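Asks: model the structure of this input:
(one chain, ligands or ions: 1)
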Amino acid sequence: MTTSNIRVVLINTTHPGNIGATARAMKNMCLSDLVLVSPAQFPSDEASARASGADELLESARVVDSLDDAIAGCHWVVGTTARPRTIGWPTMTPRECAGQMVEKAGAGNVAIVFGRERMGLTNDEVDKCQALVTIPGNPEYMSLNVASAVQILAYEIHLAGLVAGEAPADIRGLGSASRSEEMERYYEHLEQVLIQIGFLDPGNPRKLMRRLRRLFGRAGPDNVELNILRGILTAIQQTEHWRKPE
Ligand code: SAH
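Replies: Residues are numbered from 1 along each chain as shown. You can find the predicted model right below:
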């Protein structure tokens with residue numbers, strides 16, 4: 001997973017403790033690229049204390065003067081906001097955002113931008129983002145502590161990275177065309193067996209195969225699992241007991 005391409009940007013952070021807590025949250029979730037836009041106080045003992053074992057992340061953090069400098073070289077920038085913003089701006093859930101972020105990080109640098117403790121992001125800053133993400137919560141109290149917001153998004157990014165990285169190599173290596181052919185062959189085999197055992201009446205199939213397709217489509221079996229399923233079908237075909245007497 002290309003986590004080194006995922007940058008966390010904090011804008012004008014007032015409390016150094018929040019910078020430290022952000023560093024800790026990032027290290028916990030395997031992120032390492034932290035950029036600070038004009039923090040009120042940095043470096044600071046309070047930041048180091050809150051970073052706990054993540055001080056090296058604070059040491060390597062870059063301090064810049066503007067959001068433009070912070071996101072230089074990023075081909076996708078997401079802003080975080082506690083409240084609905086500019087009408088029509090695409091707003092994602094943390095999970096959607098993390099999925100896209102991990103995918104886009106495969107093609108180069110991406111950034112996620114966090115606003116000021118009091119005021120969040122300005123409209124000009126939002127304009128520099130291609131999308132927004134809001135952590136859902138109590139509609140009457142939506143504003144999280146900034147480092148808590150970093151923690152939640154960093155966790156989702158880590159999770160999305162694990163899911164992407166954990167897909168078995170044989171699925172990842174298999175083009176979607178050959179994958180759907182494999183699935184088609186499985187469905188043919190399944191249908192044939194269901195007819196043979198008298199579970200599916202070809203004269204009145206109803207929606208059985210469609211429902212089974214939906215079920216297996218949702219499960220998304222990998223190649224090893226598909227081989228097991230086909231093996232079961234073959235084993236059924238090799239047993240005698242289900243055959244109706246002549
Ligand atoms: N009053 C400010 C809140 C700032 S909270 C506002 O209305 O925007 C400080 C920062 O924490 C925000 O700029 C954002 O980066 C992050 N944050 C807080 N709550 C969030 C939420 N529910 N969803 C996404 N980001 C959030």
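
Asks: ramachandran angles for the residue nearest to S143 when sequence neighbours are not counted?
Replies: What sits nearest to S143 in space, not counting adjacent residues and going by C-beta to C-beta, 6 or more residues apart in numbering, is A82, at 4.3 Å. In this view, the C-beta of every residue, glycine as well, is placed from N, C-alpha and C. A82 has phi and psi values of phi -90, psi -10 when expressed as degrees, to the nearest 10.

Asks: how close does A82 sit to T134?
Replies: Counting by C-beta to C-beta, to the nearest Å, the gap from A82 to T134 is 7 Å.

Asks: ok, now L194?
Replies: To T134, L194 is 46 Å away according to C-beta to C-beta.

Asks: what sits up against stretch 41-51?
Replies: 13, 15-21, 23-24, 27, 36, 55, 57-58, 61, 63 (C-beta atoms under 8 Å, 6 or more residues apart in numbering).

Asks: again, 6 Å this time
Replies: By C-beta atoms under 6 Å, 6 or more residues apart in numbering, the list of residues contacting stretch 41-51 from outside reads 16-17, 19-21, 23-24, 55, 58.

Asks: let me know the closest of those residues to the ligand.
Replies: Closest approach to the ligand among the contacts of stretch 41-51 (C-beta to the nearest ligand atom): A21, at 11.8 Å.

Asks: residues near the closest one, how many?
Replies: 22 (other C-beta atoms under 10 Å).

Asks: quick one: low-confidence parts of the chain?
Replies: 1-2, 85-88, 166-181, 218, 241-246 (pLDDT under 70).

Asks: residue numbers of it in contact with the ligand?
Replies: Counting by C-beta under 6 Å from any ligand atom, the chain comes close to the ligand at 80-83, 114-115, 117, 119-121, 134-135, 137, 142-144, 146, 149.

Asks: sorry, back to before: max pairwise distance over the contacts of stretch 41-51: which two?
Replies: With C-beta to C-beta as the measure, no two of those lie farther apart than G17 and D55, at 13.8 Å.

Asks: what are the ranges of the strands in this structure?
Replies: Ranges of strands in the chain, per DSSP state E, are 6-11, 33-37, 62-64, 74-80, 91-92, 109-114, 131-133.

Asks: outline the domain layout of this structure.
Replies: 6-164, 180-238 (automatic domain parsing).

Asks: from those domains, which stretch is densest packed?
Replies: Among those, ranked by average contacts under mean count of other C-beta atoms under 10 Å, first place goes to domain 6-164 (a mean of 18).

Asks: so the nearest residue to S66 once chain neighbours are set aside versus the ligand, what's the distance?
Replies: Using C-beta to C-beta, 6+ apart and skipping residues adjacent in sequence, the residue nearest S66 is V37, 6.5 Å away. Separation of V37 from the ligand (C-beta to the nearest ligand atom, to the nearest Å): 12 Å.

Asks: V37: what's it in contact with?
Replies: 11, 64, 67, 70.

Asks: thanks a lot, catch you later.
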